[in-house]
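Engineer: how would this look folded up:
(one chain, ligands or ions: 1)
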Amino acid sequence: MSYIKFDDSKVKKFVHENELPEMQALVTAADQELRQGTGAGSDFRDWLDLPSTYDQDEFSRIQRAAEKIRKDSEVLVVIGIGGSYLGAKMAVDFLNGTFYNTQPSSKRRGVQVVFAGNSLSASYLQELTDFIGDRDFSINIISKSGTTTEPSIAFRLLKAKLIKKYGENEANQRIYATTDAKHGALRQEATASQYETFVIPDGVGGRYSVLTPVGLLPIAATGADLNQLMKGASDAAKAYAVTDLKENPAYRYAALRNILYRKGYSTELVENYEPNLRMFAEWWKQLMGESEGKDQKGIYPSSANFTTDLHSLGQYIQEGLRDLFETVIKVKEPPYNLDVPMDEKNLDGLNYLQGMSLNEVNERAYEGVVLAHNDGGVPVLTVEIPDESEYSLGYLIYFFEVAVAISGYLNGINPFNQPGVEAYKKNMFALLGKPGYEELGQRLNRELNQ
Ligand SMILES: O=P(O)(O)OC[C@H]1O[C@](O)(CO)[C@@H](O)[C@@H]1O
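Structural biologist: The predicted model follows:
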């Protein structure tokens, strides 16, 4: 029995029964490219074995650093963007719930965790600075290069606040740098200022890095169980190393996506019925979008939060352009449950639900939505995890990582690079007047003024 339940029964109307077995040969070839390193981008496959081969010493150091942060700080500011942000934020929300930061410290397992450096908004940074106020805080700056504009600016500003509060020596002991082992501006600064450092491994791209120190330190700062997280991923790595599509739901998911894509279903909506999974979709969007959207092809990764968005996107999903398919991430047993209460007056007519649990109502909503969308021409896949534990999250992360690698090879692209991300950076640098970008700057300014 697979730990994750993958339900593909609601694509049957759209996929002929021959089609999946016909994909086996291609999936076997993609599996070989991935496992034997013969596919494009093979230098970035270290996430494959990471859950069992990670550096144990560094892992212990992360736990000790998290303990120190929990002792000497009320807030941890995590600075990073893209893969240096999304995994940590997704996991912190998933494991701790929507109101984690607003709970009193007696109800929290760890410190408040806030994220900076993932936009260029001055207002956001000012609000975040006000949120910290005079309270004790530490910084985890996460950047492979150390020169990415958004986190670098946030780091400058927040480091200044830290130094002002504690003086340079103590500030340096409150900065944790997660960066390249040897190279880059942040590594240089960390060495000079003696920050405690953690390594972003060379063979793991940003979007695959949540189970490296990139994700692990922020997650540990909330008091979550890192061992269980890694155990889930490591068990998934074993379960999803099988090539047979009938035995491997992660590969089946990849194959079905490819079948649907070839039929014109070019947008995938990842959906949830639990608000603490909202950021999971954001993490998933980077994983899918950066891995697959290249060479003028790829499924467009989008998301919706249910039942919330049934009252906004629901109309489009039901009756709009028929190029959508849905992947629901479902939690079998969410951490809490409530019963619908009795109301004598029953003005809202809800007494027929009295005594029914809210999770049951949510389940019926899911079933109703799947059938309605199916009738409306939308294929639906469901990925169900048993609960919201660290173990389940580790399992789920690995499910999607291995699936997108196979999916990328099936679609004939390199799933591990992201050349397109540079285009906006070059233009922004040129418009900001960064030395070396003068010629481009002139051309762009001419275009802007046309
Ligand atoms: O970690 P860095 O160097 O600041 O880069 C930030 C992110 O930008 C990317 O290079 C592209 O989105 C990611 O791979 C990376 O996680």
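Engineer: quick check: longest strand of the chain.
Structural biologist: The residue-count maximum for a strand in the chain (DSSP state E) belongs to strand 324-331.
Engineer: domain parsing for this protein?
Structural biologist: 3-38+228-409, 45-223 (the TED database).
Engineer: contact partners for the closest residue to the ligand within the chain?
Structural biologist: Here the chain gets closest to the ligand at one residue, residue 206, 2.2 Å apart by CB to the nearest ligand atom. (Glycine included, C-beta is placed from N, CA and C.) Counting by CB atoms under 8 Å, 6 or more residues apart in numbering, residue 206 makes contact with 82-84, 144, 200, 214.
Engineer: from residue 130, how far off is it?
Structural biologist: Counting by CB to CB, to the nearest Å, the gap from residue 206 to residue 130 is 29 Å.
Engineer: again with residue 70
Structural biologist: Where residue 130 is concerned, residue 70 sits at a distance of 23 Å (CB to CB).
Engineer: so for those two, which sits in the more crowded spot?
Structural biologist: Between residue 70 and residue 130, counted using other CB atoms under 10 Å, residue 70 has the larger neighbour count: 20 against 8.
Engineer: right, and the more buried one touches residue 222 too?
Structural biologist: No - between residue 70 and residue 222 there is no contact under CB atoms under 8 Å: 9.0 Å.
Engineer: what residues are shared contacts of the two?
Structural biologist: 110-111.
Engineer: what does the helix or strand hosting residue 92 rub up against?
Structural biologist: Using DSSP states H and E, residue 92 maps to helix 86-96. Here helix 86-96 makes contact (CB under 8 Å, 6+ apart) with 78, 80, 100, 108-109, 113, 115, 142, 207, 209-211, 214-215, 217-219, 222, 224, 229, 276-280, 282-283, 286, 388, 390, 393, 397.
Engineer: just checking, which of those residues belong to helices?
Structural biologist: Of the contacts of helix 86-96, the ones assigned to helices by DSSP state H are 214-215, 217-219, 229, 278-280, 282-283, 286, 390, 393, 397.
Engineer: those strands in the stretch 101-250 of the chain, which residues are they?
Structural biologist: 112-116, 137-142, 175-179, 196-199 (DSSP state E, counting those that start in this stretch).
Engineer: any chance of those in a markdown table, with distance to residue 158 and mean neighbour count too?
Structural biologist: Below are these laid out as a markdown table (distance: least, CB to CB, whole Å; neighbours: other CB atoms under 10 Å):
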| stretch | distance to residue 158 | mean neighbour count |
| --- | --- | --- |
| strand 112-116 | 6 | 23 |
| strand 137-142 | 6 | 27 |
| strand 175-179 | 9 | 27 |
| strand 196-199 | 17 | 20 |
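Engineer: ok, back up a step: now for the contacts of residue 206, which pair is the farthest apart?
Structural biologist: The largest separation in the contacts of residue 206, counting by CB to CB, is between 82 and 200 at 12.0 Å.
Engineer: how about the residues of the stretch 351-450 of the chain that lie near the ligand?
Structural biologist: Within the stretch 351-450 of the chain, the positions lying close to the ligand (CB under 6 Å from any ligand atom) are 418, 421.
Engineer: now with 5 Å?
Structural biologist: Residues of the stretch 351-450 of the chain found near the ligand (CB under 5 Å from any ligand atom) are residue 421.
Engineer: swap in the chain?
Structural biologist: Residues of the chain lying near the ligand (CB under 5 Å from any ligand atom): 82-84, 143-145, 148, 206, 421.
Engineer: wait, residue 205 sits on residue 50?
Structural biologist: No - using CB under 8 Å, residue 205 is not in contact with residue 50, being 11.9 Å away.
Engineer: who's residue 269 bridged to?
Structural biologist: Taking DSSP bridges as the rule, residue 269 bridges to residue 302, residue 326.
Engineer: correction: the previous question concerned residue 112.
Structural biologist: Counting by DSSP bridges, the residues bridging with residue 112 are residue 75.
Engineer: wait, what's in contact with residue 242?
Structural biologist: 248, 251.
Engineer: any idea how far it lies from residue 212?
Structural biologist: 25 Å.
Engineer: shouldn't residue 304 be within a helix?
Structural biologist: No - counting by DSSP: H, G, I helix; E, B strand; the rest coil, residue 304 is not part of a helix but strand.
Engineer: give me the neighbour count for it.
Structural biologist: 21.
Engineer: looking at it, it is touching residue 271, isn't it?
Structural biologist: Yes - contact status for residue 304 versus residue 271: in contact at 5.0 Å, counting by CB under 8 Å.
Engineer: overlap in contacts of these two?
Structural biologist: residue 326.
Engineer: coming back round to it: let's have the strands of the stretch 101-250 of the chain in CSV, adding mean pLDDT.
Structural biologist: Formatted as CSV, the strands of the stretch 101-250 of the chain follow (pLDDT from 0 to 100):
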stretch, mean pLDDT
strand 112-116, 98
strand 137-142, 98
strand 175-179, 98
strand 196-199, 98
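Engineer: how near is the most centrally placed residue in the chain to residue 84?
Structural biologist: Centroid-nearest residue in the chain, with CA atoms, centre = their mean: residue 283, separated by 2.1 Å. Distance, residue 283 to residue 84, by CB to CB: 12 Å.
Engineer: before we move on, what about residue 225?
Structural biologist: From residue 225 to residue 84 the distance is 23 Å (CB to CB).
Engineer: count the residues that sit near residue 58.
Structural biologist: For residue 58, using other CB under 10 Å, the count is 16.
Engineer: which other helices and strands contact the strand or helix carrying it?
Structural biologist: In this structure, residue 58 sits in helix 56-72 according to DSSP H and E. Counting contacts by 3 or more CB pairs under 8 Å, 6 or more residues apart in numbering; DSSP states H and E, helix 56-72 packs against strand 196-199, helix 213-221, helix 226-239.
Engineer: ok, 10 Å please
Structural biologist: strand 75-79, strand 137-142, helix 149-173, strand 175-179, strand 196-199, helix 213-221, helix 226-239 (3 or more CB pairs under 10 Å, 6 or more residues apart in numbering; DSSP states H and E).
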